[in-house]
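K.L.:
Prediction below, plus the sequence it came from.
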Amino acid sequence: MERPPLHSHAPNSSAPTPLESHAKARFSARFAGINTRHYSNLTLQLLAKAYPRVCPDCRVPMTTPVARRESVVRCGDCHRQASLTAGTPLHHFKLPLWVFGYLLSEAMTTFPQMISAAQIRRRLGVSKSTSLLLKRRLQLFLTDLVPVIKERMAGDLQKEFAGLVLPANSDVSKVVRGKPVVHMDTLALFSATQRANGGRSRHRHSGQTASIYLTEKVAEERGKFQIGTLVHTIAIKQGPVILDSVPGVAQKNVQPLFSFLPQQTPTFTDDGYPWLSRYNRNHRAVNHSARAKDKKRNVWARNRWSRGGVHNQVAEGTQRIVKASFLAAYGYFNPKFSQLYLNEYSALKSIRVYGLESLLKSPIVSIVDPKYSGSPAGDLKPTPPDFLRRKIAENQYIPPTIEERGFLDNQNSRRQIRGKLRDLFNDNDFFEAKQAHVDYLNFWQDAPRWKRQHERQYGAIARKLWTVLSRRESALLSNIASKYELSHTLLVRIAREWSRLNIAEVQELKRSSTQDGKLRVWVRRRIDILPDLLYSWDMERYTAADKPIPDTVAELPKRERVGGSGMSAAKRNQFIEEMMR
């Protein structure tokens with residue numbers, strides 16, 4: 001028998017079946033224009049595929065229906081009974097099963113417009129608490145689909161980009177054309193106005209997260225601190241979307257959200273992810289704050305939205321739709337439940353892309369909790385009534401407290417980039433230098449004392465070399481090393497790092513091309529200000545190990561001389577070796 005269309009609204013001409021109780025039959029009779037039998041079968045199919053029941057004794061699927069009980073099945077061999085709804089988002093469901101299938105179909109049809117609890121209340125004529133609980137049940141079911149969606153995304157990306165390496169410092173538009181490149185960005189929802197903040201401006205908080213938090217005094221008076229929701233977006237053009245609620249845009253808050261993606265997946269972002277290039281060599285970023293070279297005619301650069309095929313329009317376009325949909329449907333929701341609403345949107349979008357039947361090819365829960373696996377015929381096992389409450393609590397977002405937020409602000413204030421460097425880093429040509437400078441700030445904040453002492457010595461030598469160089473003429477490093485009694489090997493290491501970050505012009509003449517067999521290196525500055533950088537430590541290897549790595553440290557000179565620190569080279573080497581033990 002062919003199943004009726006998914007969104008069929010044929011009149012319900014059939015009389016109430018024996019599977020329905022008298023109360024459920026009276027409720028269904030109010031909706032003569034809805035094909036309740038179709039939506040009831042749809043709900044049963046969803047429960048059977050997503051949360052299958054297996055007899056604990058016979059180890060066979062429990063698929064035989066029980067007369068007069070639409071949500072109960074039994075084992076065909078031992079007749080053990082089990083509820084299809086127990087331990088699922090429909091736990092203790094008192095309405096007819098067709099209601100859930102109907103709401104899911106309506107949500108899929110009206111997407112990207114979301115269905116609110118108030119709309120459910122008007123359509124079904126139920127109470128406010130019942131409509132809100134129906135909304136939560138729908139959100140929990142779609143939340144269970146998110147891990148399946150992530151697994152599907154990871155598999156598709158792995159097949160598409162296996163072994164791909166994007167060209168460095170060149171146009172990548174031809175390489176990624178027509179391919180599912182990952183775009184990431186953040187969005188602030190339901191920002192608190194200055195009126196909601198007690199008429200006070202936010203002088204202490206800055207950045208995108210300032211609008212979602214109240215000031216400390218107002219928060220203490222009202223008993224809540226976070227008002228809005230900060231959304232992290234992972235989007236693929238004409239593909240799935242993953243939305244997450246985060247307290248801030250720091251690395252520790254954002255990086256775990258895309259750990260499911262395959263390594264080296266091409267990822268396009270803005271300049272809010274300066275640390276991502278250390279972990280993903282196919283990460284590319286566009287600087288939205290890039291300034292025009294001709295500042296007399298223009299303020300902003302023409303390529304600040306797209307440069308060399310790198311842009312972030314997919315994530316920003318998705319966020320525009322999310323913001324319009326949420327404002328139209330909800331107006332506002334508590335940040336505590338924000339993850340449920342975001343999971344609902346992500347799952348509905350992915351259903352449009354992959355299809356519901358494709359996502360349910362394998363069960364969401366392969367083995368249901370044994371306490372929901374059924375009981376002998378005629379013997380009903382009690383189930384905990386707080387299952388839904390615990391399930392909702394597990395998927396809630398926990399906002400930071402005033403103390404936690406204050407600590408984060410104080411910590412981030414020490415890592416702010418100076419004003420002159422900020423203007424310099426607005427140029428796309430120095431994006432790598434900005435990333436390296438942020439690494440330095442993070443390193444200096446978190447590194448132990450002996451590592452900071454080692455880095456301070458190399459930084460002093462780098463600043464000394466920088467003051468000697470000029471922007472007009474190139475200087476030979478061997479002459480500088482002999483004049484100021486510095487290590488030529490160390491100066492070459494520093495110059496090569498500057499060349500990689502595009503802040504200095506370096507020309508090398510290999511040993512095989514010189515008469516005396518010595519390396520010749522000429523250096524010329526490209527900018528006036530030297531940003532603080534790491535020279536003795538690589539940030540990626542530093543974060544991966546607690547002990548120093550010998551091959552990343554340049555060898556210090558052996559001859560006796562007194563440097564700017566007031567100790568000879570031999571004593572300095574001995575001091576470093578003692579600290580490294």
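P.N.:
Received it, and whenever you're ready, just let me know what you need.
K.L.:
neighbours around Tyr332, how many?
P.N.:
Neighbour count of Tyr332, defined by other C-beta atoms under 10 Å: 12. (C-beta placed from N, C-alpha, C; glycine too.)
K.L.:
What separation do you get for it and Ala82?
P.N.:
40 Å (C-beta to C-beta, to the nearest Å).
K.L.:
Please apply the same query to Leu243.
P.N.:
34 Å.
K.L.:
any weak-confidence spans in the stretch 351-500 of the chain?
P.N.:
365-385, 402-420, 422-423, 426-428, 444-446, 450 (pLDDT under 70).
K.L.:
give me that answer again for 50
P.N.:
375-380, 407-414 (pLDDT under 50).
K.L.:
Let me see the ranges of the strands in it.
P.N.:
Assigned by DSSP state E, counting those that start in this stretch, the stretch 351-500 of the chain shows strands spanning 475-476.
K.L.:
can you check the chain too?
P.N.:
64-66, 69-74, 81-83, 182-189, 229-236, 241-246, 267-270, 283-286, 306-307, 310-311, 475-476, 504-509, 520-525 (DSSP state E).
K.L.:
Need these in TSV (columns: distance to Ile364 and mean neighbour count).
P.N.:
Formatted as TSV, the strands of the chain follow (distance: least, C-beta to C-beta, whole Å; neighbours: other C-beta atoms under 10 Å):
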stretch	distance to Ile364	mean neighbour count
strand 64-66	22	14
strand 69-74	17	20
strand 81-83	17	24
strand 182-189	24	22
strand 229-236	21	24
strand 241-246	17	24
strand 267-270	28	22
strand 283-286	32	23
strand 306-307	39	16
strand 310-311	35	21
strand 475-476	66	16
strand 504-509	56	16
strand 520-525	59	19
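K.L.:
Output the ones you listed in JSON lines; the columns should cover distance to Leu356.
P.N.:
Output for the strands of the chain, formatted as JSON lines (distance: least, C-beta to C-beta, whole Å):
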{"stretch": "strand 64-66", "distance to Leu356": "23"}
{"stretch": "strand 69-74", "distance to Leu356": "20"}
{"stretch": "strand 81-83", "distance to Leu356": "23"}
{"stretch": "strand 182-189", "distance to Leu356": "24"}
{"stretch": "strand 229-236", "distance to Leu356": "19"}
{"stretch": "strand 241-246", "distance to Leu356": "16"}
{"stretch": "strand 267-270", "distance to Leu356": "28"}
{"stretch": "strand 283-286", "distance to Leu356": "33"}
{"stretch": "strand 306-307", "distance to Leu356": "35"}
{"stretch": "strand 310-311", "distance to Leu356": "32"}
{"stretch": "strand 475-476", "distance to Leu356": "67"}
{"stretch": "strand 504-509", "distance to Leu356": "57"}
{"stretch": "strand 520-525", "distance to Leu356": "60"}
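K.L.:
if we compare the ones you listed, which one ends up closest to Ser487?
P.N.:
strand 520-525 (12.9 Å; C-beta to C-beta).
K.L.:
Send me stretch 267-277 as PDB with only the CA atoms.
P.N.:
Output of stretch 267-277 as PDB, limited to C-alpha atoms (Å, rounded to 0.1, in the frame of the first residue of the first chain):
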ATOM      1  CA  THR A 267      38.000  26.900   6.100                       C
ATOM      2  CA  PHE A 268      37.300  30.600   5.300                       C
ATOM      3  CA  THR A 269      36.800  33.100   8.200                       C
ATOM      4  CA  ASP A 270      37.300  36.700   9.000                       C
ATOM      5  CA  ASP A 271      40.300  37.900  11.100                       C
ATOM      6  CA  GLY A 272      38.600  36.800  14.400                       C
ATOM      7  CA  TYR A 273      40.400  33.400  14.200                       C
ATOM      8  CA  PRO A 274      44.100  34.400  14.200                       C
ATOM      9  CA  TRP A 275      45.100  31.100  15.900                       C
ATOM     10  CA  LEU A 276      43.400  28.700  13.400                       C
ATOM     11  CA  SER A 277      46.300  28.700  10.900                       C
END
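K.L.:
what mean pLDDT would you report for that stretch?
P.N.:
Stretch 267-277 comes out with an average pLDDT of 86.
K.L.:
Distance from it to the middle of the chain?
P.N.:
12 Å (C-alpha atoms, centre = their mean, to the nearest Å).
K.L.:
Would you mind measuring the gap between the ends of stretch 30-44?
P.N.:
22 Å (C-alpha to C-alpha, to the nearest Å).
K.L.:
buried sites along it?
P.N.:
31, 34-44 (16 or more other C-beta atoms under 10 Å).
K.L.:
Which residue ranges make up the domains of this protein?
P.N.:
Following automatic domain parsing, the chain resolves into domains at 22-126+363-382, 147-339, 418-580.
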